[in-house]
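Would you be able to build a 3D model of this:
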Amino acid sequence: MTKKVNPLLLLILATGLPIALGLVFPEEVEPLTTLPLLGLLGLVFVAGVVVAIDRENYKAAKTGGGLFALIVMLSLANTEYFKSSTVLEAGLKDDLSGLHLSLRENGRFEMVAQTLYSQEHFKGKYTRQDDRIIFLDPPYANDYIPDTLTIWQDKLVLAFDADGQPDLGYGRYFQIHKNTIHRPMAHGATAPEKGGWVTFSPIGERDRINWQQYEADLDTAERTAIVQKLKKHFAYIFTNAYYTGSPFEQTVHLMNLNGDGRLDAIVEGYSGGESTNAQVFLERNGAYEKVLEKYQYVKAIEIEKGRLKALTMLDLGCCADYVEYETRYQISAAFSASPVYQKAKASFGQMPRNRVLSTPRRVVTGPDFTPLRSAPAVEDTTTVIYDAVGCGNALATYLAGAEGYAWSTETDRTGTRWCYVEMMPGRELDETLLYPKDDIPTRKMGWIREIDLRVIPSPTP
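Prediction:
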């Protein structure tokens, strides 16, 4: 006797099994996991189960119910809720394709390569060393993505040039969209010190903040309404017929800054004088009140539970100034700013050509009267700046035992080895070209001969 074919059972199996397989092996059955086809299969599958129940086709109905339960469980297992949380997400785009990288807390990564017509997944393990992300499994189909990426500000850099600077050409870095790796990083290089981290920074235009990471997502009408309220504080822009700066709307950055859930503003732009500045406004009773103002450019902000906790500013000099500063402020609940540190370098100084160390060496000066110089060369009679005619390239002078961090090394034409250092305040003589700003004790950056330094063990952070 021939067994009767159950067409509803075959229909349910033909549509439900591909969906389940697509959830278990998404890369292997990728054509079946595209949204249009998945949606069509799902509709036919559900219709088949409903018809089986209506016609009391119990075998088909039970099979459909079992498959449905399996699909639901597999779908839940693939959601973020059941996965290890992501600690970093970043994307790289070119004209016709894009890559999306996710790093998870459990040491796994996922790379999705997408073009107009296809999608490819790569998964595996990774590890971190300071600022470097090291892939233990191939992250891509070819070597375009190297096995090591470097965190640099809000980017994941693929490579560095011969001078040790990141290659920020088109398609040469990932833009970081989320980063909860709890370690402050500027150029990726950090060093432990009491009460926090010393972080390397070239104090330059490239260090300026990427506001897109922080700004609220508003529609045009909402944003325009807030910008209009802020304009009354900037009459000096709208009454200046010669103003040539950025359009005011582009200088306004909206986010919650005092934890009340309402949108406040940081305006970074023309100050009315010769420089740029950053002004903080809080929304109060439908209006905006200025509570803080700092000179020049924002490098970084720290927001915790909707409240501004810290602000790092870059002063790149104005007019005839030749000292460039980075200053970090702790912001109180009343929006007073207390300096945490300040570092300074000469605008005419030479930056390291070699790679900056990920973990610098802690050093102290050996002899008294050790000069910190603007370049890795001994110049004691030339004029490098108008404030020191005939005084050479010495920026400051340190007594024995002055502490600092050595970030990079170079060898000059005579074979002398030099260290690019960040010297802590406290043991320098009063006369210095890197004068402090606002009477804040200042870390000075420049070059000291390696022979004049002694390496000391670093404390455990």
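
rest of the way, CA atoms for contacts and neighbours
Noted.

quick one: low-confidence parts of the stretch 151-300 of the chain?
In the predicted model of the stretch 151-300 of the chain, residues 162-165, 182-198, 242, 244 satisfy pLDDT under 70.

can you give me the helices in it?
When assigned using DSSP state H, counting those that start in this stretch, the helices of the stretch 151-300 of the chain occupy the ranges 220-230, 235-238, 248-251.

what about stretch 308-327, how long is it end to end?
16 Å (Cα to Cα, to the nearest Å).

which of the residues in it are buried?
308-316, 322-327 (16 or more other Cα atoms under 10 Å).

ok so, going back, possible to save the helices of the stretch 151-300 of the chain as a markdown table with mean neighbour count and distance to Ile181?
A markdown table is the format used below for the helices of the stretch 151-300 of the chain (neighbours: other Cα atoms under 10 Å; distance: least, Cα to Cα, whole Å):
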| stretch | mean neighbour count | distance to Ile181 |
| --- | --- | --- |
| helix 220-230 | 14 | 31 |
| helix 235-238 | 14 | 40 |
| helix 248-251 | 15 | 29 |
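
follow-up on the earlier one: of the buried residues of stretch 308-327, which is the nearest to Asp430?
Distance to Asp430, by Cα to Cα, is smallest for Val323 among those, at 16.2 Å.

Gly392 contacts Tyr386, doesn't it?
No - if you go by Cα atoms under 8 Å, Gly392 and Tyr386 don't touch, sitting 10.9 Å apart.

Could you check how far Asn258 is from Glu283?
With Cα to Cα as the criterion, Asn258 and Glu283 are 9 Å apart.

cool, and Gly392?
For Gly392 relative to Glu283 (Cα to Cα), the value is 52 Å.

do Ala346 as well
39 Å.

what's the answer for Ala333, then?
15 Å.

likewise Asp147?
Counting by Cα to Cα - Asp147 and Glu283 are separated by 46 Å.

So the two - more neighbours on which side?
Neighbour count, other Cα atoms under 10 Å: between Asp147 and Glu283, Glu283 has more, with 20 against 16.

Break the chain down into its domains, please.
As assigned by automatic domain parsing, the chain contains the domains 7-81, 86-182, 211-315, 350-456.

what's the closest of those to Gln342?
domain 350-456 (4.9 Å).

follow-up on the earlier one: out of the domains of the chain, which one sits most buried?
Among the domains of the chain, domain 350-456 has the highest mean neighbour count (mean count of other Cα atoms under 10 Å), at a mean of 19.

Start and end of that domain, how far apart?
26 Å.

repeat for stretch 128-145
Start-to-end, stretch 128-145 (Cα to Cα) is 16 Å.

Figure out how far stretch 286-294 is from the centre of its chain.
Distance, stretch centre to chain centre, for stretch 286-294: 26 Å (Cα atoms, centre = their mean, to the nearest Å).

cool, stretch 45-56 as well?
With Cα atoms, centre = their mean, you get 52 Å for stretch 45-56.

what residues are up against the spatially most central residue of the chain?
Nearest residue to the geometric centre of the chain (Cα atoms, centre = their mean): Asp154, 2.3 Å. Contact partners of Asp154, counting by Cα atoms under 8 Å, 6 or more residues apart in numbering, are Gln175, Ile176, His177, Asn210.
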